[in-house]
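K.L.:
let me see the structure of the following:
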Amino acid sequence: MPEPRRIVVPPQSGRSIRVSRGDLVRIIDPQGQQVADLWAFATADQLDWLSTSQTRDITERLFPGIGDHFYSAAAKPMLTLVENASPGPHDMLYPACDSALYERAGFPNHPNCRDNLMQALASEGILLPFAPDPVDLFQNSLPQPDGRLVVEASINPPGGNVTLRAEQDLLLVVTACSVDYYPTNGGVCTEIAVEITSGS
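P.N.:
A predicted model of the protein is given here:
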């Protein structure tokens, strides 16, 4: 098996990563309790992106199980969940944190995942008028019996990870969530690592 290509996403930042159909993508939380926001975009002529709402609808689950796909806005398989080596939940209900969230909390000009997404896309020559909702890997925000959504500290241990298979050529964006004033990331923001193993 070829040696994986490794990309480190520093705390409170984002990176764009191009992958080919069949590649395996492992997203790793080296120190534990760090949420990773994940987006995927088709690199063909037609603009298409990973849709959490389409994925929930087609899989009829809050988060895919092993062997299930993440689907695009056009209802095409983009990624398959191959392995889930994390004991905690993942989230497909929340948007990315953004500047307005931090301003409401009293932290203007705070790093945020929406800006990090847009900067990563701009580095690839892509400008979007909107931000699709991400897959919030390792985020502990299960719906409560009364319908409330509560974000608690991630229970992902050091090294907890997921492995995905690319079902088409994709541009991925991975951010290390910027929330540092709330328990989401265990009270401190750390890096995320991504390992790409070629499927060819």
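
K.L.:
any idea how far Glu167 is from Met78?
P.N.:
Met78 sits at a distance of 6 Å from Glu167 (criterion: Cβ to Cβ, to the nearest Å). The way it works is simple: take the backbone N, C-alpha and C, and place the C-beta from them, glycine included.

K.L.:
neighbour-wise, which of the two wins?
P.N.:
More crowded of Met78 and Glu167, by other Cβ atoms under 10 Å: Met78, with 25 against 18.

K.L.:
does the more buried one sit in a helix or strand, and which one?
P.N.:
Assessed by DSSP states H and E, Met78 sits inside strand 77-85.

K.L.:
in contact with the closest residue in space to Gly199 that isn't next to it in sequence, which residues?
P.N.:
Of all residues beyond its chain neighbours, the one nearest Gly199 is Gly22 (2.6 Å), with distances taken as Cβ to Cβ, 6 or more residues apart in numbering. Each residue near Gly22 by Cβ atoms under 8 Å, 6 or more residues apart in numbering is listed here: 165-166, 198-200.

K.L.:
what about those residues, which are in strands?
P.N.:
Of the positions in the contacts of Gly22, 165-166 sit in strands, assigned by DSSP state E.

K.L.:
spatially nearest residue to the spatially most central residue of the chain (excluding sequence neighbours)?
P.N.:
Computing the C-alpha centroid of the chain and ranking residues by Cα atoms, centre = their mean puts Leu38 first, at 1.9 Å. For Leu38, ignoring the flanking residues on the chain, the nearest one in space by Cβ to Cβ, 6+ apart is Val135 at 4.4 Å.

K.L.:
mind picking out the helix or strand in this protein with the poorest mean pLDDT?
P.N.:
Using mean pLDDT, DSSP states H and E, the weakest-scoring helix or strand in the chain turns out to be helix 99-104, at a mean of 94.

K.L.:
what lies in contact with it?
P.N.:
Counting contacts by Cβ under 8 Å, 6+ apart, the residues outside helix 99-104 that touch it are 108-110, 112, 114-115.

K.L.:
of those, just say which sits nearest to Pro143.
P.N.:
Using Cβ to Cβ, Arg114 is the member of the contacts of helix 99-104 that sits closest to Pro143, with 22.9 Å.
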